[in-house]
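>>> For reference, the sequence and a predicted model appear below.
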Amino acid sequence: MRIVFIVLLIAGALPADEIHFRGRGGAIKDVKVLSQTDTEILYLARTMKKQKMPASMVSRVVKKRSTIHEFEDGVKAAKTADSMMEVAAWAAKKKFHKRVLVDLHQRALKLDPNHGGANTALGRVQYNGEWMTPAERDKRSAGDEEAAMRAKGLVRFEDRWVTPDDKAKLDQGLEKYEGRWMTPEEVKSAQGYVKHEGKWVKKDMLEILKLRGWGEKATGLGKALKLHQTANYAVFGDLQDSEIQVIAKTMEKAFAEWCRLFPSARDSDILAGKHRIYVFRKNPPYKKLVRYLYNHQRRTEKWSADRAKNEKLRMNLKQRETSFWEVQPEAFSAHVQMPDPFEGLKSHVVHFGGNVLATRHVSVRFPTWWLSEGVAYYLEKRVTGTIQTFNTDVGGAGGYADKGPIENNKANPWLDGTKWPELLANLVRGGRDPLLDKFKGKTLWGSKNRLNARELAKSWSLVTYMIESDKKKFAAFFEDSKTGPGETDVEREVGAMLKHYGSHRKLEEKWRNYARNGFRLAR
């Protein structure tokens, strides 16, 4: 290798052959001119391939020593694989063509077939101590693997080795899952999948996919219908994603508060799976949902003539309102925001969520209406910090319980819960608060029989007092009002009141002291 370095060192100081062009000037430098005639010039550049140039283009040839000469001298001097690889490294620095470098690596390999650098440079690999191409290695490896597998008594199935018995099962289209041979359908089933519209989906997603498909048709929104689900709620609608998520999160807070009041609810299926909540910005999808639900129930349920008449009246009533809720066979509610604030819609959803929980708790049965509304308003205030719902139970009157018809072009009249404590305090001071004995039997139906704003306010405050004074007693009273003896909700509630509070009047007297004390418990 010392000879090579000396040759290259001496040659590196010498100038190179040059071919100068006629007329336009310029030249090709650092080449080796092989021959020159009247018609053409033959020369070598760093590709080491002979190239020709018409003599007519050339003004003169200057004969000097070039890098090509150095390269040729280095190759001649290299007698070992190592020295040939050094020439290759030098040629790479001088930017000789890749083909020239490959040729040098091959020359090195001829001098030493086991030279690691030359083999690696040519992309060859070692396998069991031998150098070979990757393709040769793969073929050799596959052959060795096949011999080893067959020695173990295994046979090939597609891209793997299996026992003959397993191959027979695989040939039948079976798959092995958790140690058992099954059909592909059985495997999917064992993995928790079910078929839905020709596709395999997880079982826990099946119900929500069905509900989503139902909702897309029922609202007419199609794929534009949005969905966010939590552990206990599935919220659908056309609001912004963030708003739908806020409603779902708020409802989970409401459910947690319900379970704080009634610990047994956490371990029960109080919502029959999930409460489905539909929230809309405007009326069209809401009205479509109302009609679709009515037609769906008419097709799937057997109605008597009276039931059919009543259901049609209810359908028309719902369409005149901006919300409704159902408790059978599952929890369901729908709401329209219209021009009212989003916070109002959120508060309203929580209120109806309270009505649903009150009706489904312990047994699917309506409590008295004052008690249901009182709990719903308590939950609304506790979870959202305010009372913003308004009474949309229009009945046959076509208007709100407090004022005005439903309109889609102006802000709707809210029941202002912030004024309720002041209102109630004034009523108590004047001895004019509505008597529970007078309105405990009022119901949701009929404009003359609905709770008015004063009665709603007192219902909320009574329930708040009962919970704050003794939460466990209130829970026992509420559950007895649902399941105790009696044919009607009022009879059951009267019995529960006598059992836990003595009477409605005794409860009211304690509540009035609470009101006179600024709605604070006496210490």
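On my side now, so go ahead.
>>> how about the CA coordinates for stretch 153-166, as PDB?
The C-alpha coordinates for stretch 153-166 follow below in PDB (Å, rounded to 0.1, in the frame of the first residue of the first chain):
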ATOM      1  CA  GLY A 153     -43.000 -33.000  12.200                       C
ATOM      2  CA  LEU A 154     -44.600 -29.600  11.200                       C
ATOM      3  CA  VAL A 155     -46.100 -28.700   7.900                       C
ATOM      4  CA  ARG A 156     -46.500 -25.400   6.200                       C
ATOM      5  CA  PHE A 157     -49.900 -23.500   6.100                       C
ATOM      6  CA  GLU A 158     -49.700 -20.300   4.200                       C
ATOM      7  CA  ASP A 159     -46.800 -18.400   5.900                       C
ATOM      8  CA  ARG A 160     -46.500 -20.400   9.000                       C
ATOM      9  CA  TRP A 161     -45.600 -23.900  10.300                       C
ATOM     10  CA  VAL A 162     -48.300 -25.900  12.100                       C
ATOM     11  CA  THR A 163     -49.000 -29.500  13.100                       C
ATOM     12  CA  PRO A 164     -50.700 -31.700  10.600                       C
ATOM     13  CA  ASP A 165     -53.800 -31.700  12.900                       C
ATOM     14  CA  ASP A 166     -53.900 -27.900  13.000                       C
END
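>>> from the middle of its chain, how far away would it be?
How far stretch 153-166 lies from its chain's middle: 41 Å, per C-alpha atoms, centre = their mean, to the nearest Å.
>>> what's the average pLDDT for that stretch?
In this model, stretch 153-166 has an average pLDDT of 90.
>>> Next, the buried residues of it.
Under the neighbour-count criterion of 16 or more other C-beta atoms under 10 Å, stretch 153-166 has 154, 157, 161, 162, 166 buried. To be clear about C-beta, it is placed using only N, CA and C from the backbone, and glycine gets the same treatment.
>>> Contacts for it next, please.
Applying C-beta atoms under 8 Å, 6 or more residues apart in numbering, the contact partners of stretch 153-166 are 146, 149, 167, 170, 171, 176.
>>> run the last query once more with 7 Å
Stretch 153-166 has contacts (C-beta atoms under 7 Å, 6 or more residues apart in numbering) with 149, 167, 170.
>>> Now that we have the residues you listed, which of them are buried?
Applying 16+ other C-beta under 10 Å to those flags 167, 170 as buried.
>>> Redo the contacts of stretch 153-166 as TSV? Include secondary structure.
Putting these into TSV (DSSP: H, G, I helix; E, B strand; the rest coil) gives the following:
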residue	secondary structure
149	helix
167	helix
170	helix
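>>> what kind of secondary structure is the residue positioned nearest the centre of the chain in?
What sits nearest the mean C-alpha location of the chain, by C-alpha atoms, centre = their mean, is residue 228, with 8.8 Å. Of the three states, residue 228 takes strand according to three-state DSSP.
>>> for residue 290, what are its contacts?
So residue 290 contacts 315, 318, 319 (C-beta under 7 Å, 6+ apart).
>>> Could you report the neighbour count for the residue nearest to the first one when sequence neighbours are not counted?
Going back to what we said before, that points to residue 315. Closest residue to residue 315 apart from its sequence neighbours, by C-beta to C-beta, 6 or more residues apart in numbering: residue 294 at 4.1 Å. Neighbour count of residue 294, defined by other C-beta atoms under 10 Å: 17.
>>> Mind telling me what element residue 294 is part of?
Following DSSP states H and E, one finds residue 294 within helix 283-300.
>>> which is the next helix or strand following that helix?
helix 305-320.
>>> tilt between that following helix and helix 283-300?
Angle, helix 305-320 to helix 283-300, by axes from the mean of the first three to the mean of the last three C-alpha atoms, to 10 degrees: 170 degrees.
>>> Restricting to C-alpha, output helix 305-320 in PDB.
The C-alpha coordinates for helix 305-320 follow below in PDB (Å, rounded to 0.1, in the frame of the first residue of the first chain):
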ATOM      1  CA  ALA A 305    -108.900   3.700  20.600                       C
ATOM      2  CA  ASP A 306    -108.600   5.900  23.700                       C
ATOM      3  CA  ARG A 307    -104.900   5.500  23.900                       C
ATOM      4  CA  ALA A 308    -104.500   6.300  20.200                       C
ATOM      5  CA  LYS A 309    -106.600   9.500  20.700                       C
ATOM      6  CA  ASN A 310    -104.600  10.500  23.700                       C
ATOM      7  CA  GLU A 311    -101.200   9.900  22.100                       C
ATOM      8  CA  LYS A 312    -102.200  12.000  19.100                       C
ATOM      9  CA  LEU A 313    -103.100  14.800  21.500                       C
ATOM     10  CA  ARG A 314     -99.800  14.400  23.300                       C
ATOM     11  CA  MET A 315     -97.900  14.500  20.000                       C
ATOM     12  CA  ASN A 316     -99.600  17.800  19.000                       C
ATOM     13  CA  LEU A 317     -98.900  19.200  22.500                       C
ATOM     14  CA  LYS A 318     -95.200  18.300  22.200                       C
ATOM     15  CA  GLN A 319     -95.000  20.000  18.900                       C
ATOM     16  CA  ARG A 320     -96.400  23.200  20.300                       C
END
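>>> right, and the helix or strand after it?
Taking DSSP H and E, what comes next after helix 305-320 is strand 323-326.
>>> so what's residue 51 bridging to?
Beta-bridge pairing of residue 51 under DSSP bridges involves residue 43.
>>> now it: how far from residue 321?
92 Å (C-beta to C-beta, to the nearest Å).
>>> can you check residue 345 too?
14 Å.
>>> Give me the neighbour count for the closest residue to residue 265 other than its chain neighbours.
In this structure, residue 265 finds its nearest non-sequential neighbour in residue 259, 5.0 Å apart by C-beta to C-beta, 6+ apart. Look at residue 259: counted by other C-beta under 10 Å, it has 17 neighbours.
>>> before we move on, what about the one 10 residues further on?
With neighbours defined by other C-beta under 10 Å, the count for residue 269 comes to 8.
>>> next one: phi and psi at it?
phi -100, psi 60 (degrees, to the nearest 10).
>>> What score does it have for pLDDT?
89.
>>> Ok, residue 24 next?
pLDDT, residue 24: 65.
>>> who has more neighbours, residue 345 and residue 321?
residue 345 (25 against 20).
>>> the helices in the stretch 401-523 of the chain, which residues?
With DSSP state H, counting those that start in this stretch as the criterion, the stretch 401-523 of the chain has helices at 420-429, 436-439, 453-469, 471-483, 489-501, 504-516.
>>> Point out where the protein drops to low pLDDT.
For the chain, the stretches with pLDDT under 70 are 1-25, 59, 339, 389-416, 445-448, 523.
>>> quick one: contacts for residue 36?
Going by C-beta under 7 Å, 6+ apart, residue 36 touches residue 61.
>>> Next one: it from residue 67, what distance?
Here the criterion is C-beta to C-beta. By it, residue 36 lies 20 Å from residue 67.
>>> How about residue 502?
114 Å.
>>> Looking at the two, which one has more neighbours?
Between residue 502 and residue 67, residue 67 has the larger neighbour count (other C-beta under 10 Å), namely 24 against 12.
>>> so that one touches residue 94, yeah?
Yes. Under the criterion of C-beta atoms under 7 Å, residue 67 makes contact with residue 94 at 5.7 Å.
>>> Only the buried residues of the top helix by length along the chain, if you could.
The helix that spans the most residues within the chain, counting by DSSP state H, is helix 241-261. Using 16+ other C-beta under 10 Å as the test for burial, helix 241-261 gives 243-244, 246-248, 250-251, 254-255, 257-259, 261.
>>> which other helices and strands contact it?
Counting contacts by 3 or more C-beta pairs under 7 Å, 6 or more residues apart in numbering; DSSP states H and E, helix 241-261 packs against strand 226-229, strand 233-237, strand 275-280, helix 342-360, helix 369-384.
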